[in-house]
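>>> could you work out the structure for the sequence below:
(one chain, ligands or ions: 1)
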Amino acid sequence: MTYYVTTPIYYVNGDPHLGHAYSTMAADVLARHMRQRGEDVFFLTGTDEHGEPIELAAEKEGITPQELADRNAPKFEQMARRIEATNDFFIRTSDPRHEAKVAEIMQRVHDNGHVYEGTYEGWYCPRCADFKTERELGPGHTCPIHEIPLEREREENWFFRLSSFQQQLERLYEERPDFVVPDFRRNEAVSFIKRGLEDVSLSRARLKWGMHLPWDPSQRMYVWFDALLNYVTALSFAREGEDLTERYWPADYHVLAKDILKFHAVIWPALLFAAGYEPPKRMVIHGYLLMGERKMSKSLGNVLDPDQVIDRYGADALRYYCFREVSFGQDGSVSPAGFEARYESELANDYGNLASRSLAMIDRYRDGKVPDAAIDESLAASFDGVGQRVRDLLDHAELSQALDEIWQLVRRLNQYVEESRPWDLAKDESQAGRLDLVLYNLAEGLRVTTLLLLPYLPETAERLLGALQEPARGLAELGSRGGGQRVEKLPPLFPKLDQPA
Ligand code: MSP
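Residues are numbered from 1 along each chain as shown. Reported below is the predicted structural model:
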């Protein structure tokens with residue numbers, strides 16, 4: 001089976017920050033997990049390089065929008081690598097291959113009769129590149145996201161007949177209860193649709209940076225149309241000489257935050273219908289990472305730099321912290337103090353210590369060789385069915401709940417060490433069989449737990465599975481394996497850092 005997962009494509013008007021990294025890490029957890037299940041995965045991320053937000057930022061710096069994009073897009077590519085994202089392709093919307101495909105698809109939308117010329121008048125936020133309805137405005141005609149006053153704009157442009165997809169969208173949501181997860185976001189999308197859809201502006205006459213409409217070059221395409229289409233266009237050129245569209249479309253999951261719900265949950269499926277494509281299978285809407293009470297963003301100037309965290313603690317710790325601290329789907333605060341607390345108590349103590357001491361005891365008491373023994377019944381209750389539970393949760397993109405499910409195994413194994421006291425067993429020859437059982441179960445428990453943790457802690461899992469002499473990475477290998485293999489001791493997986501940065 002194929003599995004196609006995407007992130008939003010990020011605006012290149014600023015540097016990447018933890019909020020962007022968060023969506024990419026989430027998509028990466030899903031991609032890695034599905035690869036472990038043997039699926040044929042395609043994982044896409046990239047940058048959104050057209051439109052007013054980029055034009056304005058470039059103007060401010062006195063450079064061209066393309067220069068700005070060429071300078072900033074590599075930073076987003078670099079961020080993806082730093083957080084260990086395993087994306088199969090990185091799309092940039094200024095890529096002529098994307099533009100050619102967008103022109104082809106939009107021409108089809110035009111030829112199918114889904115556009116018309118009209119006059120637009122309304123409140124426009126240049127930073128969102130979005131027209132706001134009266135209902136969406138903040139106090140005093142401001143943008144609720146950027147908190148800037150909005151201008152009322154009036155111009156002749158082209159419209160997309162969103163309203164004609166009213167019934168088709170209602171039916172889509174009725175037929176597919178999990179089209180948008182979590183549920184409360186689905187309800188938001190449904191109530192937006194039920195209030196009655198209005199046609200949306202598809203082009204701007206005044207915009208200088210963006211694609212020309214193929215049938216009316218005097219107008220530029222509203223950036224959201226060109227941006228959303230990236231999910232489809234990328235498949236046509238991501239692999240040299242190959243068109244992957246048939247193979248991977250419709251996408252299995254779009255990962256995004258609530259700020260762009262309307263575009264993805266309402267406009268996007270309608271645009272796909274208009275162009276003759278199937279809608280995506282599902283999308284997952286996550287919340288905001290907040291610093292204190294506010295959304296993290298470049299413009300609000302309260303950015304926690306993922307680079308600094310990674311330099312000091314590694315990408316795994318950052319990935320773990322984000323999904324552990326904030327329940328995926330909800331908004332939640334992140335902070336250096338919160339990060340350090342979890343790093344210390346959960347990564348270094350719970351997991352890192354469990355691994356170090358288990359390996360050290362096998363080394364000391366059994367010369368590094370995992371004894372061959374049976375599964376301890378007292379552990380079975382925690383481990384039985386855990387693989388299936390994690391699969392089910394991740395099928396619903398419940399990233400924090402799945403991680404919690406796995407972390408309970410870490411806790412249970414620590415408790416097992418305390419209960420069984422291998423250091424006492426080692427002092428008593430008559431307990432040799434019992435010690436074999438405990439050491440085998442620790443190695444086996446760590447192996448299973450670490451295979452499940454791999455999508456969250458890829459680098460750590462690689463090291464630990466290597467030390468455990470476990471060659472498999474797939475979830476088919478969760479079932480118990482025998483002993484007999486020689487394991488290696490490891491330096492601490494999450495070293496304690498006493499010095500403040
Ligand atoms: N370019 C559009 C998206 C087009 S997708 C076809 C855009 N870009 S953006 O750079 O503003 O990125 C928005 C996305 O970045 C959010 O939907 C979310 O995925 C991620 N995040 C940005 N800040 C975030 C937080 N503070 N917290 C969580 N996610 C955040 O919108």
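>>> so how many other residues sit close to the closest residue to the ligand within the stretch 151-300 of the chain?
When distances are taken as Cβ to the nearest ligand atom, the stretch 151-300 of the chain reaches nearest to the ligand at residue 257, 3.3 Å away. The way it works is simple: take the backbone N, C-alpha and C, and place the C-beta from them, glycine included. Neighbourhood size, residue 257 [other Cβ atoms under 10 Å]: 20.
>>> give the contact list for the residue lying closest to it once chain neighbours are set aside.
By the measure of Cβ to Cβ, 6 or more residues apart in numbering, the closest residue to residue 257 outside its immediate chain neighbours is residue 286, 5.4 Å from it. Contacts for residue 286 (Cβ atoms under 8 Å, 6 or more residues apart in numbering) come out as 22-23, 26, 255-258, 328-329.
>>> same thing with residue 397?
By Cβ under 8 Å, 6+ apart, the contact set of residue 397 is 26, 30, 181, 253, 255, 282, 284, 328.
>>> assumed it was part of a helix.
No. Counting by DSSP: H, G, I helix; E, B strand; the rest coil, residue 397 is located in no helix; its state is coil.
>>> for the ligand, see how far away it is.
13 Å (Cβ to the nearest ligand atom, to the nearest Å).
>>> with residue 465 instead?
Using Cβ to the nearest ligand atom, residue 465 is found at 30 Å from the ligand.
>>> quick one: the helices in the stretch 51-200 of the chain?
Per DSSP state H, counting those that start in this stretch, the stretch 51-200 of the chain carries helices over the ranges 52-61, 65-82, 96-111, 166-175, 183-194.
>>> tell me what angle the longest one forms with helix 52-61.
Regarding helix 65-82 and helix 52-61, their directions subtend 110 degrees when assessed with axes from the mean of the first three to the mean of the last three Cα atoms, to 10 degrees.
>>> for helix 65-82, C-alpha coordinates in PDB please.
Only the C-alpha atoms of helix 65-82 are listed here, as PDB (Å, rounded to 0.1, in the frame of the first residue of the first chain):
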ATOM      1  CA  PRO A  65      11.100  38.300  -4.400                       C
ATOM      2  CA  GLN A  66      13.100  35.600  -6.200                       C
ATOM      3  CA  GLU A  67      16.300  36.600  -4.500                       C
ATOM      4  CA  LEU A  68      14.500  36.500  -1.100                       C
ATOM      5  CA  ALA A  69      13.100  33.000  -2.000                       C
ATOM      6  CA  ASP A  70      16.500  31.800  -3.100                       C
ATOM      7  CA  ARG A  71      18.100  33.000   0.100                       C
ATOM      8  CA  ASN A  72      15.500  31.600   2.500                       C
ATOM      9  CA  ALA A  73      14.300  28.400   0.900                       C
ATOM     10  CA  PRO A  74      17.600  26.600   1.600                       C
ATOM     11  CA  LYS A  75      17.100  27.500   5.300                       C
ATOM     12  CA  PHE A  76      13.900  25.500   5.300                       C
ATOM     13  CA  GLU A  77      15.500  22.600   3.500                       C
ATOM     14  CA  GLN A  78      18.300  22.800   6.100                       C
ATOM     15  CA  MET A  79      15.800  22.800   8.900                       C
ATOM     16  CA  ALA A  80      14.200  19.700   7.600                       C
ATOM     17  CA  ARG A  81      17.500  17.900   7.600                       C
ATOM     18  CA  ARG A  82      18.400  19.200  11.100                       C
END
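>>> do that helix and the ligand meet?
No. Contact of helix 65-82 with the ligand (Cβ under 6 Å from any ligand atom) is absent, the minimum separation being 8.9 Å.
>>> what helix or strand is the residue in the chain positioned nearest to the ligand on?
Of all residues in the chain, residue 19 sits closest to the ligand, with a separation of 2.3 Å (Cβ to the nearest ligand atom). Applying DSSP states H and E as the criterion places residue 19 in helix 18-36.
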